[in-house]
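In: Structural data only, the sequence is not supplied:
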């Protein structure tokens, strides 16, 4: 019992410390005292803040740190949910082509020279369009099984990745193509308070739904007939879980581009730590994903003078971490 | 407490009729054994009875009322399907806990009481030692007991089992039969079970339902239904029943007389 009460508290504290550290770090470095004084006005008399300090904290770093925490948590939770829905440990948030669809929406908008918010909206819409298309295509002879859905996802995903290639092919190699390429590799550098405010509700809804469904996800991982015989409205539940996970994936891609690895590896890492029960796995994936993605993004903006694309770092940092974990736990809980 | 099928008929789309006008009933504390060759429609019969498939004609009645078509029916019926292991890791206790699902709403979480009940169900089938083991690491016999316990966690009035002793070694088959017998005799549960073994059916049955591949059926009290003649008719081969006794124990042995000879 003690362990159960302690660990969520410990996680939230750990995330708060990480977040504080991330707010201090960067090209324009800030002392922890300054950051704390800005977050809690009046709590730290004697610390004076310049306008630049406040701008950096509230307009640049805070939105970005919040997004990294939330996107990492949501994407990992979505990965864990997809793995349960498809009862397949290799399922990722992109299994149904959501991320590819969203990428196509975004690169198309970049090609047409639309402003950042329009790029975000196009990505979100196209990502959700992709999953709707999968549901439409995945219905074979009135039946929609996990297999037909996965196959439909594969087809829709390759269709959209071909369309992304087409956009890259016709894009102007002087300026549009580099923008597209950078965007596809994922980055949180474009985060503003407005983009965050637009994306946050979708992420929040997705995270809340997955959290509420966490125990029922265990039932979705059973063979369909067993789930039905335990009184689970399988179709309804699957639509809810897939919908929430797709909403998360499309929102994350719309906010920070394609993020590899997080949705596949963090749930597995969490599974090795807390086991396969989604009642613990979903919250653990949230916490671990938030921490991992915040560290990655902070590295991305602090390690070198120029931004490093996030997808490169998630793989470079994630792969060794995962191998260590696999060795340590012997793959327990898998 | 009575589970009844009246005039149930079914055939898969485009195929010949598989079940024709099947009627039978089972009451609390009774065991109904269902026998039949491969492809006779035993599992299909259970699926139709439970509403996982729709009867073409006829209906299922629970206590005289047509079986509700919503998820409520799963609060009175514990179904143990043929073994299929889950792909993702979960422990035996977590698996048994899933049996509480019919009583919990879509967004509800199981409480400490549900967990205690799941533990108790594992104890009732004598598998409490397995609670924290991963399902993927259990033997076939152990996993079958876990599935049993999960069906009990529903707190059902009827248990429906699809070949619960298939693929188990001789000792584990006896163990499964003993658990089933105890649940019905001592706790008053009604049970329907499919088996491929006439000997196991003879060992544990108050009533029997025999299906053949022509869509015909015979149903009656065990001693009337499980005769040499009926078993030969159902299994399409001649066989002999021998009564054996060893001390207090007595039972039936089934001697097959060769599948090619015409009885």
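Out: Structure received. Predicted model, so just to flag it, every value in this text is computed and none were measured. Numbers count the residues shown, from 1 in each chain, chains lettered A, B, ... in the order given.
In: so residue A:216 sits in a helix?
Out: Yes - secondary structure assignment places residue A:216 in a helix (DSSP: H, G, I helix; E, B strand; the rest coil).
In: how about the residues of the stretch 51-200 of chain A near chain B?
Out: Within the stretch 51-200 of chain A, the positions adjacent to chain B are A:83-84, A:87-89 by C-beta under 8 Å from any C-beta of the partner chain. C-beta: built from backbone N, CA, C; applies to glycine.
In: switch the cut-off to 10 Å
Out: Selection of the stretch 51-200 of chain A residues close to chain B by C-beta under 10 Å from any C-beta of the partner chain yields A:80, A:83-84, A:86-90, A:141.
In: Tell me the one of the residues you listed nearest residue B:163?
Out: Checking those against residue B:163 by C-beta to C-beta gives residue A:87 as the nearest, at 22.3 Å.
In: So what's the residue count around that closest one?
Out: Neighbour count of residue A:87, defined by other C-beta atoms under 10 Å in any protein chain shown: 16.
In: From residue A:237, how far out is it?
Out: 13 Å (C-beta to C-beta, to the nearest Å).
In: which residues touch whatever residue of the stretch 201-334 of chain A ends up closest to chain B?
Out: Residue of the stretch 201-334 of chain A nearest chain B, by C-beta to the nearest C-beta: residue A:231 (3.3 Å). Counting by C-beta atoms under 10 Å, 6 or more residues apart in numbering or on different chains, residue A:231 touches A:219, B:70-75, B:77, B:99-104, B:154.
In: where does chain B have low pLDDT?
Out: Low-confidence segments of chain B (pLDDT under 70): B:87-88, B:260-263.
In: what about residue A:162, which helix or strand?
Out: If you go by DSSP states H and E, residue A:162 is part of helix A:146-170.
In: Confirm that residue A:14 sits in a helix.
Out: Yes - secondary structure of residue A:14 (three-state DSSP): part of a helix.
In: What strand or helix carries the closest residue in space to it that isn't next to it in sequence?
Out: Using C-beta to C-beta, 6 or more residues apart in numbering or on different chains and skipping residues adjacent in sequence, the residue nearest residue A:14 is residue A:291, 6.8 Å away. Using DSSP H and E, residue A:291 maps to helix A:278-302.
In: List the buried residues for that helix?
Out: Going by neighbour count (16 or more other C-beta atoms under 10 Å in any protein chain shown), the buried part of helix A:278-302 is A:278-301.
In: any residues in contact with both of residue A:87 and residue A:237?
Out: Shared contacts of residue A:87 and residue A:237 (C-beta under 10 Å, 6+ apart): residue A:220.
In: show me the contacts for the spatially closest residue to residue A:114 that is not a sequence neighbour.
Out: Spatial nearest neighbour of residue A:114, chain neighbours left out: residue A:122 (7.2 Å); criterion: C-beta to C-beta, 6+ apart. By C-beta under 10 Å, 6+ apart, the residues touching residue A:122 are A:102, A:104-110, A:112, A:114, A:254.
In: Point to the residue nearest the middle of chain A.
Out: Nearest to the geometric centre of chain A sits residue A:75, at 2.7 Å (C-alpha atoms, centre = their mean).
In: Please look at that residue and residue A:247 and confirm they touch.
Out: No - contact criterion C-beta atoms under 10 Å: residue A:75 and residue A:247 do not qualify, at 11.7 Å.
In: residues shared between the contacts of these two?
Out: With C-beta under 10 Å, 6+ apart, residue A:75 and residue A:247 have common neighbours A:203, A:206.
In: Of the contacts of residue A:122 - the most surrounded one?
Out: Within these, most neighbours by other C-beta under 10 Å means residue A:102, with 32 neighbours.
In: Show me which residues of whichever helix or strand comes after the helix holding residue A:291 are buried.
Out: Later in the chain than helix A:278-302, the nearest helix or strand by DSSP H and E is helix A:310-329. Neighbour-count burial for helix A:310-329 flags A:310-311, A:313-314, A:318, A:322, A:325 (criterion: 16+ other C-beta under 10 Å).
In: and helix A:310-329, average pLDDT?
Out: Taken as a whole, helix A:310-329 has a mean pLDDT of 85.
In: could you check the angle helix A:278-302 makes with that helix?
Out: Using axes from the mean of the first three to the mean of the last three C-alpha atoms, to 10 degrees, one finds that helix A:310-329 and helix A:278-302 are set 130 degrees apart in direction.
In: who's in contact with helix A:310-329?
Out: Helix A:310-329 has contacts (C-beta under 10 Å, 6+ apart) with A:68, A:71-72, A:184-189, A:256-266, A:268-273, A:292-293, A:295-301, A:303, A:308, A:331-332, A:334.
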